[in-house]
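what's the 3D shape of this:
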Amino acid sequence: MEIRTAVTAGMPRTSYGEYILDDSCNVLVHAGTLKTDDSGRGDLDVHVLGSSLPSGAALRVQLVAPENAAVPGPGPFTDVLTSDPTTGG
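Residues are numbered from 1 along each chain as shown. Model (predicted):
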């Protein structure tokens, strides 16, 4: 499955860890790192094996800064962005 993530109003010059979450907000995959520019914009295209995602499940993309924060866990977090749910493959 290809997942394209774009941020238009993130924190400037920030690296976000990108996670794919299931319906219950459990982390399924750490998909990579999205980096923003001076105006807080950035994008990331990732490919995730369909076998690592539950078929037909509602999935969310979560971006967490700093990129090395413990997810799930205590953080510490400076920014967390979570998408609305979408149906996976």
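
so how far is S15 from the residue lying farthest from the centre of the chain?
Centroid-distance maximum for the chain: D38 at 20.0 Å, with CA atoms, centre = their mean. Per CB to CB, to the nearest Å, D38 is found 14 Å from S15. Placement of C-beta: from N, CA and C, glycine included.

which SS class is the residue farthest from the centre of the chain?
coil (DSSP: H, G, I helix; E, B strand; the rest coil).

residues contacting it?
Residues counted as contacts of D38 (CB atoms under 8 Å, 6 or more residues apart in numbering) are P12, R13.

correct me if wrong: S52 contacts L28.
Yes - contact status for S52 versus L28: in contact at 6.4 Å, counting by CB atoms under 8 Å.

what secondary structure does L34 sit in?
What three-state DSSP gives for L34 is strand.

please name the nearest non-neighbouring residue to it.
Spatially, and ignoring its direct neighbours in sequence, L34 is nearest to L44 (4.1 Å; CB to CB, 6 or more residues apart in numbering).

what's across from that neighbour in the sheet?
On the basis of DSSP bridges, L44 takes part in beta bridges with T5.

change the start of the numbering to 57 and stick with it
With the count now opening at 57, the last piece we talked about shows up as L100.

quick one: it and Y72, what's the gap?
Noted for L100: a distance of 8 Å to Y72, by CB to CB.

okay, and the common contacts of the two?
In terms of CB under 8 Å, 6+ apart, L100 and Y72 are both contacted by the residues T89, L90.
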